[in-house]
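1. Have a look; sequence and predicted model below, questions after that.
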Amino acid sequence: MTAISPKFALGQIVATPGALEALAKAGQTPHELIRHHVSGDWGEVCPDDAALNDEALKDGSRLLSAYMLKTGEKLWVITEAVGDDGQRVSTCCLLSSDY
């Protein structure tokens, strides 16, 4: 596995039970999705959301990625910000229905 240069701090990493169950069914781990997220690969988000994420790297606001699991289910990875100074409090893996 190659080392990555994280583009931002993740804060505390958590996952909802539904996301963990979906990942297990897909034979995938939260680590692989978080690895994409922290490297700036936003996955299956629309161009507007990708642009907001790129701006969030500069202004410190919330980051949202979406990834299609091998089962076809979509999982979100959201990194929440505290204020707009670049401090990230937590990163959560969740299903859209968990939001």
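-> Structure received.

2. Low-confidence regions, the protein specifically.
-> 1-3, 83-86 (pLDDT under 70).

3. What are the boundaries of the helices in the protein?
-> With helices called from DSSP state H, the chain shows them at 17-26, 30-38, 47-59.

4. So which of those is nearest M68?
-> Among the helices of the chain, the nearest to M68 by Cβ to Cβ is helix 17-26 (9.5 Å). Just so you know, the C-beta spots here come from the backbone N, C-alpha and C atoms, and that holds for glycine as well.

5. List the buried residues for the closest one?
-> Applying a neighbour-count criterion of 16 or more other Cβ atoms under 10 Å, one finds 18-19, 22-23 buried in helix 17-26.

6. Also stretch 92-99?
-> For stretch 92-99, using 16+ other Cβ under 10 Å, the buried residues are 92-95.

7. Kindly report the same for stretch 27-40.
-> Buried, per 16+ other Cβ under 10 Å, within stretch 27-40: 28, 30, 33-34, 37-38, 40.
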